[in-house]
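Asker: The sequence isn't on hand, but the structure is:
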């Protein structure tokens, strides 16, 4: 099965490769482009990226395994990141996380069986004055209460 | 600053003068002060990740790495202050916290950095009460190599070796934090000709060789340095064998070959082809004189004395009858310079033998690094001694010689057995001097067991023209004699001066 | 001058737009400076202003720039550190969200001073919306000739790229940041050599925090003397203090360098949360040693905090109330560093997880009497011995908690 990107993603990749002083420096941005379109980085994607940037596939995998937000497995349509660091902890983040685990029926780190939600407990999101905070994909929410969480979920299609 | 780019520093109270740009660790090595290290290897740029080589430098607030700190004029280095000793203990304590303590079943025991350093620099009581990180053990990574992630201390020497030396980059570092681990791409295997060096450079038992696994303990092994005879590079090697074999009760005599450092020849490495040549020293050896037809005192047990006397008598008979030209000798470039010189003095000069040929192992493929296409150790030596190595033509050989002396079993690599048997049939007397059994044994009248190069003293001249002398690295099996010794006795019997 | 032009975080929904920025005088300082001053003069002015780095280390910006070799021939780079991973820190988010052009103008002036033509903004992946806002702002600026090949017709050219991280706190360390831009695992490099001589792609590189760079236009709008007067003689300007945790009014407070910590907590942030008193305060991001309530009278500047055996760091103030068991704080702190360790060097790779395991065990009720001493021993084993400052960052807060709250921890163990 040959790997290919949408025309727009392919164009983005081309532009990235052009703008960076060295091809291999475009690795992280290219990984982001691929992950945004496909949801994760597959072995075929690794090979394709490696060939595009002229680096060994092993290096792509090494980098992939280092960064928390890059995935080798598909995630839910909505990735929910709940901060578990100090300011959010003080504001009750543990309760929010537990509430979400019950609501979604999965433990932190897992994806719901219907593939809609991935729940992650993460470190500081840089939104400490809105503790306890969380992110749903690229959106910030905080301070969240259990009610607010319910409200967020109602708004997700 | 002294003139001429030299720098004077103090290390543990000793004054040393070294070239500008030298690192503290290299100065210490020169001064005979051993600073412990895991990730540093002289073949690579300093890595600085193990933190074991921290030393105290006067006027600097923190301990500094000896491997990467470059000396400056007037620097004052202390390698064993309480702070330094504590820092070493700390590193060991960290490494051993998650280490599986497999010593009883780990091949590296006896030559393991963790063991050695704990003994010298550790000696603390472990305070680790938590659950150790469980990781995969026995991961095949190619060519009989096994990776044990629990034992690994993440020094990354293996990764760097495969990137910088072989350029093949099979291994990488994956994940992060305590989960960081060495890994290989699925479906990939390390297949290059230098994989054996990974076992040598791994400071612990994380990478082990299936060929050596569970076979012996390193403290039973004696070490003998010599030159590898499997190609013309002349890599310096150390042959490791068991003391007092076979009395010691171990299963074999020779267990391993590892590199010996020689910056002019092989650097720090040897190739796998040479490394696994240790089997040659032990396997398939001829160990007893065999007389197939005729010869001295047929029917009686034969001693070297009998054989040498008998051969001398036959040669003398030919020479006296003015038929020295019917003597033929087939040599090999696997003989030492001293042996080849003796052959020339004895056969060419003293006996006037014209028919001197060479039968050598067939050339193979050079690997672009150490392994040469020429698979003999002394081709250059033979040339330097005036020989022009060339195979005998079988048709010419067929009727001509009365007495043929063959060194080595390599003729069979060049001619099919039947053709050879046919040609040799007509030759009245055939002597074979070889270390290994081969199909040639049956074709010769008298087979004499010789020593392997590792069992001899002598010199080889390598592909670069460098002559390298070596001592006997391991004793030959009883009953075998080095060719040089046989030639010496033969010459004495014939009254020929070999000096 | 009005506060809105002299602040780093202007109010208003549309403050981020180019029109609004120009309306409050934006890019004028850069134009005047680039067209009338020489790069070396610009650098000297920044030195005069005593602008210290606002990412954590507090190194004087002008001096750092001066380390870059000029007659070199290699291309030079600026990397703006927008990774903002230090827990308790959220100031750069606000600057970039509400005043992206201030940052761009700062980048422009910095690059002009050092002779740099390519700048990267290394922004954490979680700030995706902000990254897009920055990219839009860059495009706006390019359209107007404030960025691009020939800025203000001066002949000076500059390209700015936004480079997203991918979830690794360690990439906020300057050499790990460089590795990450180069497309590798974010593993810090051995120093020396320093980035000023061997940096991105082995070229001379300046790395500065967002807030540091964002202050540069102010220096040229109002002068170095004005900047120094706003803060302290050796530490000019304002700091954006982020206050979070058990306080009534968590938020960002832009105040002069040297404002006392107690004042920030009680007068600006409304004091501790309802029904709680202060148990402990983190003054400069989680990697700074904790302070007890008796110690919060300290002025918030580098020297004063160093004297108090803590650090100004990223000026992220976290207030911990008396309702929070200190063992929970220890667990969270230890878990954070264990998770974020890059794994390269022995003490941090093993030490952070070991300490985290001990803290978890104590929290689960299975502590033993030797645990605190062991934690201290392990943290000391990491301190000043790791390849990068994260070893210290992991060790300092843990050591301060064990030292200053040893009694409460001891009680947690005996229970």
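Answerer: Looks like it came in fine. Keep in mind the model is a prediction, meaning the values are calculated, not measured. Numbering: from 1, shown residues only, chains lettered A, B, ... in the order given.
Asker: Now do the same contact list for residue 130.
Answerer: Picked chain A for this. Each residue near residue A:130 by CB atoms under 8 Å, 6 or more residues apart in numbering or on different chains is listed here: A:140, A:142-143, C:250. The C-beta positions use only the backbone N, C-alpha and C, and glycine is treated the same way.
Asker: if you could check chain C rather than the one you did, that'd help
Answerer: Contacts of residue C:130 by CB under 8 Å, 6+ apart are C:93, C:96-97, C:123.
Asker: same thing with residue C:336?
Answerer: Applying CB under 8 Å, 6+ apart, one finds that residue C:336 lies in contact with A:85-86, A:123-124, C:87, C:169, C:286.
Asker: Let's verify it: helix, strand, or coil?
Answerer: For residue C:336, the assignment made with DSSP: H, G, I helix; E, B strand; the rest coil gives helix.
Asker: Not counting residues beside it along the chain, what's closest to the closest residue to chain C within chain B?
Answerer: The minimum distance from chain B to chain C, using CB to the nearest CB, falls at residue B:180 (3.2 Å). Of all residues not flanking residue B:180 in the chain, residue C:343 sits nearest, at 3.2 Å (CB to CB, 6 or more residues apart in numbering or on different chains).
Asker: That neighbour - that's part of a strand, no?
Answerer: No - secondary structure of residue C:343 (three-state DSSP): coil, not part of a strand.
Asker: Okay, residue C:252 and residue C:29: tell me how far apart.
Answerer: Separation of residue C:252 from residue C:29 (CB to CB, to the nearest Å): 23 Å.
Asker: ok, back up a step: among the contacts of residue A:130, which has the minimum pLDDT value?
Answerer: Least confident by pLDDT among the contacts of residue A:130: that is residue A:142, with 92.
Asker: Can you give me the neighbour number for that one?
Answerer: Applying other CB atoms under 10 Å in any protein chain shown, we find 20 residues neighbouring residue A:142.
Asker: How about residue C:155?
Answerer: 9.
Asker: Give me the local confidence score for it.
Answerer: Reported pLDDT for residue C:155: 95.
Asker: where do the helices sit along the stretch 301-415 of chain C?
Answerer: For the stretch 301-415 of chain C, the helices defined by DSSP state H, counting those that start in this stretch cover C:302-307, C:326-340, C:346-363, C:371-382, C:390-404, C:406-414.
Asker: residue ranges with poor pLDDT in chain A?
Answerer: Residues of chain A meeting the criterion pLDDT under 70: A:1.
Asker: Spatially central residue in it, please.
Answerer: Centrality entry for chain A: nearest residue to the mean C-alpha point is residue A:69, 4.7 Å, by CA atoms, centre = their mean.
Asker: List the residues that contact that residue.
Answerer: By CB under 8 Å, 6+ apart, residue A:69 lies in contact with C:125-126, C:166-167.
Asker: do that again at 6 Å, thanks
Answerer: Applying CB atoms under 6 Å, 6 or more residues apart in numbering or on different chains, we find residue A:69 in contact with C:125, C:166-167.
Asker: ok, which of those also contact chain A?
Answerer: Restricting the contacts of residue A:69 to those near chain A by CB under 6 Å from any CB of the partner chain leaves C:125, C:166-167.
Asker: By neighbour count, which of the residues you listed wins?
Answerer: With neighbours defined as other CB under 10 Å, the most crowded of the ones next to chain A among the contacts of residue A:69 is residue C:166; it has 23 neighbours.
Asker: That one and residue A:65 touch, don't they?
Answerer: No - here residue C:166 lies out of contact with residue A:65, judged by CB atoms under 6 Å, at a distance of 11.1 Å.
Asker: Could you tell me whether residue C:75 really is in a strand?
Answerer: No - Residue C:75 sits outside any strand when classified using three-state DSSP, being coil.
Asker: okay but it is in contact with residue C:203, surely?
Answerer: Yes - with contacts counted by CB under 6 Å, residue C:75 reaches residue C:203, the gap being 5.4 Å.
Asker: now, the most widely separated pair of the contacts of residue C:130?
Answerer: Within these, C:97 and C:123 form the most distant pair, 11.5 Å apart (CB to CB).
Asker: Could you count how many residues lie near residue B:164?
Answerer: For residue B:164, using other CB under 10 Å, the count is 12.
Asker: buried sites along the helix or strand bottoming out on mean pLDDT in chain B?
Answerer: Lowest on mean pLDDT, DSSP states H and E among the helices and strands of chain B sits helix B:394-399, with a mean of 76. For helix B:394-399, the neighbour count (16 or more other CB atoms under 10 Å in any protein chain shown) marks B:397-398 as buried.
Asker: what sits up against that helix?
Answerer: By CB under 6 Å, 6+ apart, helix B:394-399 touches B:423, B:426.
Asker: Could I get the full set of strands for chain C?
Answerer: Taking DSSP state E to define them, one finds strands in chain C at C:77-82, C:118-123, C:159-164, C:205-209, C:238-245, C:251-256, C:278-282, C:316-321.
Asker: Just tell me which of the ones you listed ends up closest to residue B:409.
Answerer: strand C:205-209 (63.8 Å).
Asker: Does chain A have contacts with that closest one?
Answerer: No - Strand C:205-209 stays clear of chain A (CB under 6 Å from any CB), getting no nearer than 11.8 Å.
Asker: which ones are touching residue C:318?
Answerer: Applying CB under 6 Å, 6+ apart, we find residue C:318 in contact with A:86-87, C:88, C:244-245, C:282.
Asker: and what of residue C:215?
Answerer: By CB under 6 Å, 6+ apart, residue C:215 lies in contact with C:51, C:237.
Asker: Return the distance of it relative to residue A:89.
Answerer: Here the criterion is CB to CB. By it, residue C:215 lies 32 Å from residue A:89.
Asker: swap in residue B:8?
Answerer: Distance, residue B:8 to residue A:89, by CB to CB: 56 Å.
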